[in-house]
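# pasted the sequence and its predicted model underneath.
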Amino acid sequence: MREQGCARQHYFKKIECFDCGNKFMVGRSARSAGCTTCGGQICLENIDLGSNSTNSIRTRGDVLIRKTGSIQAAEVRCRDLKLFGALSASIECSGEFYAQATGTIIGEVRCHRLLIDKECDIHFMSCIFAEEVEVRGKILGHIQCSGSVNITSTGLIQGDVKARAVSIDPGGQLDGTMNIVRVTTALSL
């Protein structure tokens, strides 16, 4: 029985409906699915963008915005987001938001893990809500983190940070207030 359960996990994955929040299983190779509760269509494909777009993105797959790509839309909702180009939208990632870009992000950011790489110089106009943050580049914005924030030796945060733990490597900088909270429920992710 145990072997069948392990094999079954390889063929299925759990997804969540954007509209009603229902969680259900679909085949790993599925490209889209219909919610078993509300019937809403859910895209499961990865999106690779190398041009300009004004369309919102809603997928349970990954999104890659190349250096030549830009999105100016209401929202980007995905699993993992890798940003090398320009983005102006509200962001919701169930996984990691990796950025190696320069510019301004308009809209709220919600993700499991935020990773700002060395090449970055980003201004976040709205608050960042994350469970884990690592800053290797420069950001301007406010962070609310239910876990830990790590500022590496090349990292700079200009803004307020509220987190359970903050670590700053020698050479790293925090220009703003730091508020350490004890209870994770105090932050609304």
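That came through fine. Just so you know, these numbers come straight off a predicted model, no measurement behind them.
# just the helices in the chain please.
Counting by DSSP state H, the chain has helices at residues 2-11.
# point out where it drops to low pLDDT.
When the per-residue scores of the chain are filtered using pLDDT under 70, the ranges that remain are 1-10, 183-189.
# try 50 this time
Counting by pLDDT under 50, the chain contains low-confidence ranges at 1, 184, 186-189.
# got the domain ranges for it?
The record, using automatic domain parsing to delimit domains, assigns the chain the ranges 2-37, 45-186.
# show me which residues of the longest strand seen in the chain are buried.
In terms of residue count, the longest strand belonging to the chain (DSSP state E) is strand 86-99. Across strand 86-99, burial judged by 16 or more other Cβ atoms under 10 Å covers 86, 87, 88, 89, 90, 91, 92, 93, 96, 97, 98, 99. Bear in mind the C-beta positions are built from the backbone N, C-alpha and C, glycine included.
# pick the most deeply packed of the domains of the chain.
Comparing the domains of the chain by mean neighbour count (mean count of other Cβ atoms under 10 Å), domain 45-186 comes out on top with a mean of 18.
# from residue 109, how far off is residue 83?
Look at residue 83 and residue 109: by Cβ to Cβ, to the nearest Å, they are 11 Å apart.
# mutual contacts of the two, please.
When contacts are counted by Cβ atoms under 8 Å, 6 or more residues apart in numbering, the set common to residue 83 and residue 109 consists of residue 97.
# biggest separation within the buried residues of strand 86-99, which pair?
The two members of those with the most space between them (Cβ to Cβ) are 88 and 96, at 20.2 Å.
# mind listing what the nearest residue to residue 137 once chain neighbours are set aside touches?
On the basis of Cβ to Cβ, 6 or more residues apart in numbering, the spatially nearest residue to residue 137 that is not a chain neighbour turns out to be residue 120, at 3.2 Å. Taking Cβ under 8 Å, 6+ apart as the criterion, residue 120 is in contact with 99, 100, 101, 102, 136, 137, 138, 139.
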